[in-house]
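> here is a sequence together with a model predicted from it:
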Amino acid sequence: MAARITLLLSLTLVAPGLLWAQTGVAVGDAAQVSDAASQPVSRDEALWQEILPLHEALVARQAGADPSAAALPRRRTLLERVRLYLTLYPGGPHRDEAVRLELTMLFEIATLSGGEFERLAARVRDYLHNPPSERVLHEAAYWAIFCERLKRPTTTRPTSVPVTAPDASLLAAYRQYVERYPASRYTPRLATVLFEQAHRVGDRQTMRRLVKRLSEAFPDHAVTALLAAQLRREEAVGGAFWLRFRGVDGDWVDTREHAGCVVLIVVWAGFDAGARECAASVDAFRQAHPQVRVVGVNLDATRDQMSAACDALGIDWPQFNDGLGWANEFARTWGVRRIPCVLVVDRAGRLVGFGGNWAWEQLAAHALEN
């Protein structure tokens, strides 16, 4: 059994929402804090305030996987306190968080003690049969996917995400979950897996449907914005594409003025060695091919940093830098998550594609040949 189980306790990374943070208070609110401190604390809140430090201590130790002999006792203590809360205050204000933490601790304890997950599976069945809230139903349904995977003899890496390399049956379970529970906190994560799979097989209809679903249920979620941007860039290939911006010298730059030339739009930053290398390679390519024009989208925090990088590399093509770094408007709009990234636009002004590292050169060569 020990060989069958791989310990992976990174739940605060893969299961957002497990770490509760106290809200900060401005200096001007000191009087209100004083008044609040003088108010009696309810018994359920007092118990919850005992639970929070126990959980926060576990979160802090999880960064190092907490391999010490105390790992199991810590989790068992936390599980006992959480279950006491659920027993004494089944309708308490922290019930849903407590259930989430209960199921997580059952998983971690089973993982640390050799892989017996029946207690987790039994509790999941209880909550599925009689969920005290919609959020608890979402939680139980998610863990039910995990428990179902454990029944398969091929499962070798139980983690808080059911499996890292989804097969057809798991993808089907994800699709069912997203359709049934669009407002679940797990939906953005599972939708991302489904989106990436759809992208791999060229299924744009599914990609559009997932973005639409997330836009309705999570309009302000970072995942929604990211997948929408990735869909946007996917659907932009083959269509007219141009970039217009005011350069650092104050003059407007419009790539449409380079009709008849191949245009390379380089998303890069001086702080990244790979991006600097790519920028230098693009510049060498430009010098070897006079019919190529280049503009840069720079993600350095300041224009001074950008200028210093340009000077060091000896590049003089126009640069767009809005001082937002990774929040750069162009990068957000087109879902650029890694640099370098080079967009290749052909002589007719159509987007050929997005290329990272050296992949852009093949796209550019293809654009020059046509």
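Alright, I've got the coordinates. Numbering: from 1, shown residues only.

> what's the nearest residue to A236 once chain neighbours are set aside in contact with, if anything?
Nearest residue to A236, sequence neighbours excluded (C-beta to C-beta, 6 or more residues apart in numbering): L351, at 5.2 Å. Bear in mind the C-beta positions are built from the backbone N, C-alpha and C, glycine included. With contact set as C-beta atoms under 8 Å, 6 or more residues apart in numbering, L351 has these partners: 236-241, 343-345.

> with L86 instead?
Contacts for L86 (C-beta under 8 Å, 6+ apart) come out as 95, 98-99, 102.

> what do you get for G260?
Contacts here follow C-beta under 8 Å, 6+ apart; on that basis G260 touches 291, 347.

> renumber starting at 42 from here on
Sure, I'll start counting at 42 from here, so that last one is G301.

> how near is it to A408?
G301 is 12 Å from A408, where distance means C-beta to C-beta, to the nearest Å.

> how about A139?
Note on A139: its distance to A408, by C-beta to C-beta, is 58 Å.

> quick check: mean pLDDT of stretch 92-111?
For stretch 92-111, the mean per-residue pLDDT is 76.

> do stretch 372-391 as well
Across stretch 372-391, the average pLDDT comes to 94.

> can you give me the buried ones in that stretch?
For stretch 372-391, a neighbour-count test (16 or more other C-beta atoms under 10 Å) marks 372, 375-377, 380-387, 390 as buried.

> and which of the residues you listed is nearest Y126?
G376 (41.7 Å; C-beta to C-beta).

> need the contact list for the closest one.
Neighbour list for G376: 267-268, 270-271, 273-274 [criterion: C-beta under 8 Å, 6+ apart].

> out of the residues you listed, which sit inside strands?
Residues from the contacts of G376 lying in strands, with DSSP state E as the criterion: none.

> highest neighbour count among the residues you listed?
Among the contacts of G376, L268 has the most neighbours (other C-beta atoms under 10 Å), with 24 neighbours.

> thought that residue was touching K253?
No: L268 is not in contact with K253 according to C-beta atoms under 8 Å; the separation is 10.4 Å.

> picking up where we left off before, what do G301 and A408 both touch?
Between them, G301 and A408 share these contacting residues under C-beta under 8 Å, 6+ apart: R388.

> on that earlier part again, turn the contacts of L127 into JSON lines, columns for secondary structure, distance to F326 and pLDDT.
Converted to JSON lines, the contacts of L127 look like this (DSSP: H, G, I helix; E, B strand; the rest coil; distance: C-beta to C-beta, whole Å; pLDDT from 0 to 100):
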{"residue": "R136", "secondary structure": "helix", "distance to F326": "60", "pLDDT": "97"}
{"residue": "A139", "secondary structure": "helix", "distance to F326": "59", "pLDDT": "97"}
{"residue": "V140", "secondary structure": "helix", "distance to F326": "57", "pLDDT": "97"}
{"residue": "E143", "secondary structure": "helix", "distance to F326": "58", "pLDDT": "97"}
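
> of all the residues you listed, which comes closest to E237?
Nearest to E237 among the contacts of L127 is V140, at 29.4 Å by C-beta to C-beta.

> just give the closest residue to that closest one, not the sequence neighbours.
Once flanking residues are discounted, V140 sits nearest to V177: 4.9 Å by C-beta to C-beta, 6+ apart.

> quick check, G364 in a strand?
No: counting by DSSP: H, G, I helix; E, B strand; the rest coil, G364 is not found in a strand; it is coil.
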